[in-house]
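Peer 1: Have a look at this fold, sequence not included:
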DNA sequence: TTGAAAGCGCTACCAC
DNA sequence: GTGGTAGCGCTTTCAA
């Protein structure tokens, strides 16, 4: 007999074969009531023989909890980045460790449909939201509904919400500081895409703030550029930077997906990294390592953030007050930054 | 017991307020029985007023289907690649389009636990398996259980299973052919990692077959190398290739994650791509574009494969016989290949 | 230590 | 065109 048939066995069948009531089987499984050792064993044997597994839908209905968490991530178009994949992996693994499943949902800022599926139909006990905007309709929606959720990234006024975020502001400032320490005086900031910025994309805005602030504080010259999330965007951006300010010798980027193109554009202009141009920023370690010379950067601890998100969410589900975590990973020195050249080339 | 009273509106409440029976509400929603226009409207109004959404668990229990599909992907350790993320995105979006949700499950080859959660507890109506091995315990398990599933990639003897795969054999042959046409005579093949090969990783083996075959047919010299899935692996691999056979002028790679390192290694050895060394292979478009010069490669249509997987799976769930799709995307000419140098450097 | 039975919220059959 | 109601498979009181 196929394993599949046997798994449509239900608790009644087990009870009959073990000559006990269904409740006893249930309690033997949950341990919520003492069951004599002998019957417990008998039940266990039958369960193994028949390959019984409690039906998740029935259990969810009876218990009022699904043991499933929602992971809301944006539809493509804007490409997925490595970071996002690592979030997904981190979240899923951490959830599995706590005996939760993860239900994926593609939903853009305003997407009502998927919200209704997840929360309205009670498919999940809580949700994690990725790709947060400073003013995010999804977050407001969740807040109103008093549904447990955690954001990866944080809204403009995050008080009372649970979130885990990278401190883009501080990280970008540190990058600027690093370049300043190396003697660079004219910097450029490569941000995420124009569209993302317009939509109020959180990390893009806070990164920009950090850049503006640091440049001002340190008395440097700086210009910021939005950049499409792909190699082509990076090339174009490099060209613009060098056209606008040929004396630029340092670049800070938060746009990992354009990194290859950025390098290509710089090289195409006859400059060598890091001799003529230093580059640093925030990126997934894989991207930072993929380019030559490898990028000195703050590595996004995406996997860890996924884990943290799960922890915070489970706390919320258990009724605890909202907590948050702001991470500031160290800048890893690789090979893409050096002292500023004496003369602007 | 659920803590969220707001959505504890149920069908009975709606029925009472609309002064009809619960069955009528159900039928008004499903359309499986004619309902007079006037009552339909009345019901609709009440539903909107109260923000009623049918509870997914209850519905799943009653209907015997969850409208959820499982996506089984391997735990990290071996890094996730871009390709995998695009699969996930493609699968999730396609599923959403058909009104299905996607439940993520990290499960390695032998992982029983997650199989039981997904299939045993009937959390999903069908499953998609990624990262297939030629002999894959998960696939056998599914096969036995007669549970609807589709693999991305195919096992050694895939007859009777539903799958979508890239024709690595043909694609690698085409790459070899391409290099041969350009006059290259000594080639190297950069495969996935040793560990993956040992585990019988499908695409790695079929790619290798294609390489061996093509090299023989075309009367070329070739050597194959396993390579770790990261930049460091690529560097090491480049070094080995050039040490073993300095006369190598063409490389075929199926290891996108090591691409940056491979380039770096080649460059570090004083060779220029494509003047002294041509590189081609199979990779996600983003990786191919990220390196300089951009990689001439067959772009993995991961998103499309995700969509196809969903189609095939829904067919299976509907009871149709297993189908499969073998894809052979074209090689996109970029900038990393050129005619063989006259003299080996 | 165990059993009986009342739900959980929805669907779909059987009646009218 | 509509209502009543028996399940779906499990959990958890209430009783013994």
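Peer 2: Thanks, I have it. Since the structure is predicted, the reported quantities are computational estimates derived from the model, not experimental observations.

Peer 1: Please make it C-alpha for all contacts and neighbour counts, starting now.
Peer 2: OK.

Peer 1: Which residues are in contact with the residue in the stretch 151-300 of chain A positioned nearest to DNA strand D?
Peer 2: Closest residue of the stretch 151-300 of chain A to DNA strand D, CA to the nearest atom of the strand: residue A:162 (27.1 Å). Residues in contact with residue A:162 (CA atoms under 8 Å, 6 or more residues apart in numbering or on different chains) are A:149-151, A:312-313, A:322-324.

Peer 1: quick check, stretch A:125-143 touching DNA strand C?
Peer 2: No - against DNA strand C, stretch A:125-143 shows no contacts by CA under 7 Å from any atom of the strand, the least distance being 14.3 Å.

Peer 1: hmm, who's touching that stretch?
Peer 2: Identification of contacts with stretch A:125-143 by CA under 8 Å, 6+ apart yields A:65-74, A:109-111, A:119, A:147-157, A:161, A:199-202, A:309-310, A:313, A:317.

Peer 1: Can you tell me which of the residues you listed are buried?
Peer 2: Among the contacts of stretch A:125-143, those classed as buried by 16 or more other CA atoms under 10 Å in any protein chain shown are A:65-74, A:109, A:119, A:147-155, A:161, A:200-202, A:309-310, A:313, A:317.

Peer 1: Let's see which of the residues you listed end up in helices.
Peer 2: A:202, A:309-310, A:313, A:317 (DSSP state H).

Peer 1: ok so, going back, just give me the closest of the contacts of residue A:162 to DNA strand C.
Peer 2: When these are ranked by distance to DNA strand C (CA to the nearest atom of the strand), residue A:149 comes first, at 21.2 Å.

Peer 1: just to revisit the earlier point, restricted to strands, list the contacts of residue A:162.
Peer 2: Within the contacts of residue A:162, residues falling in strands by DSSP state E are A:149-151, A:324.

Peer 1: Could you dump these into a markdown table with pLDDT and distance to chain B added?
Peer 2: Converted to a markdown table, those look like this (pLDDT from 0 to 100; distance: CA to the nearest CA, whole Å):
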| residue | pLDDT | distance to chain B |
| --- | --- | --- |
| A:149 | 96 | 13 |
| A:150 | 97 | 17 |
| A:151 | 96 | 19 |
| A:324 | 98 | 22 |
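
Peer 1: Mind putting those into a markdown table with distance to residue A:177?
Peer 2: Shown next, in a markdown table, are those (distance: CA to CA, whole Å):
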| residue | distance to residue A:177 |
| --- | --- |
| A:149 | 35 |
| A:150 | 32 |
| A:151 | 29 |
| A:324 | 27 |
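
Peer 1: Return the member of those residues nearest to residue B:338.
Peer 2: residue A:151 (48.2 Å; CA to CA).

Peer 1: dump the residue contacts of that closest one.
Peer 2: By CA under 8 Å, 6+ apart, the residues touching residue A:151 are A:128-130, A:132, A:162-164, A:309.

Peer 1: buried ones in stretch A:202-212?
Peer 2: Within stretch A:202-212, the residues scored as buried using 16+ other CA under 10 Å are A:202-212.

Peer 1: what does it contact?
Peer 2: With CA under 8 Å, 6+ apart as the test, stretch A:202-212 has contacts from A:131-134, A:153-156, A:168-173, A:176, A:189, A:191-192, A:196-197, A:222, A:224, A:254.

Peer 1: Just give me the neighbour total for the residue in the stretch 51-200 of chain A positioned nearest to DNA strand C.
Peer 2: Per CA to the nearest atom of the strand, residue A:62 is where the stretch 51-200 of chain A lies closest to DNA strand C, at 3.4 Å. Number of residues near residue A:62 (other CA atoms under 10 Å in any protein chain shown) recorded here: 13.

Peer 1: Also residue A:40?
Peer 2: Neighbour count of residue A:40, defined by other CA under 10 Å: 18.

Peer 1: Now do it, the pLDDT please.
Peer 2: In this model, residue A:40 is scored at 97, pLDDT.

Peer 1: For it, pull up the helix or strand it's in.
Peer 2: Assigned by DSSP states H and E, residue A:40 belongs to helix A:37-50.

Peer 1: Just want the most central residue of chain A.
Peer 2: Centroid-nearest residue in chain A, with CA atoms, centre = their mean: residue A:87, separated by 4.0 Å.

Peer 1: Could you say which helix or strand holds that one?
Peer 2: Counting by DSSP H and E, the element that carries residue A:87 is helix A:82-97.

Peer 1: tell me what that helix is packed against?
Peer 2: strand A:101-106, helix A:302-317, helix B:82-97, strand B:101-106 (3 or more CA pairs under 8 Å, 6 or more residues apart in numbering or on different chains; DSSP states H and E).

Peer 1: hmm, try it at 7 Å
Peer 2: strand A:101-106, helix A:302-317, strand B:101-106 (3 or more CA pairs under 7 Å, 6 or more residues apart in numbering or on different chains; DSSP states H and E).

Peer 1: Tell me the buried residues in that helix?
Peer 2: Those would be A:82-96, for helix A:82-97 by 16+ other CA under 10 Å.

Peer 1: Which residues does that helix contact?
Peer 2: Contact with helix A:82-97 is made by A:101-102, A:284, A:302-307, A:310, B:82, B:85, B:104, B:106, as judged by CA atoms under 7 Å, 6 or more residues apart in numbering or on different chains.

Peer 1: So of those, which two are at opposite extremes in space?
Peer 2: With CA to CA as the measure, no two of the contacts of helix A:82-97 lie farther apart than A:101 and A:284, at 25.6 Å.

Peer 1: Residue A:113: neighbouring residues, count only.
Peer 2: If you count neighbours by other CA under 10 Å, residue A:113 ends up with 12.

Peer 1: Actually, residue A:219.
Peer 2: By the criterion of other CA under 10 Å, residue A:219 has 12 neighbours.

Peer 1: Please apply the same query to residue A:244.
Peer 2: A count of nearby residues for residue A:244, using other CA under 10 Å, gives 11.

Peer 1: where does it land on pLDDT?
Peer 2: On the pLDDT scale, residue A:244 is placed at 98.

Peer 1: how far away is it from residue A:225?
Peer 2: 11 Å (CA to CA, to the nearest Å).

Peer 1: Highest neighbour count among the contacts of residue A:151?
Peer 2: Ranking these using other CA under 10 Å puts residue A:309 first, with 30 neighbours.

Peer 1: correct me, but that residue touches residue A:164?
Peer 2: Yes - assessed by CA atoms under 7 Å, residue A:309 is found in contact with residue A:164 at 6.3 Å.

Peer 1: Now do the SS call for residue A:289.
Peer 2: Secondary structure for residue A:289, judged by DSSP: H, G, I helix; E, B strand; the rest coil, is helix.

Peer 1: Tell me who's in contact with it.
Peer 2: Residue A:289 makes contact with A:295, B:231 under the criterion CA under 7 Å, 6+ apart.
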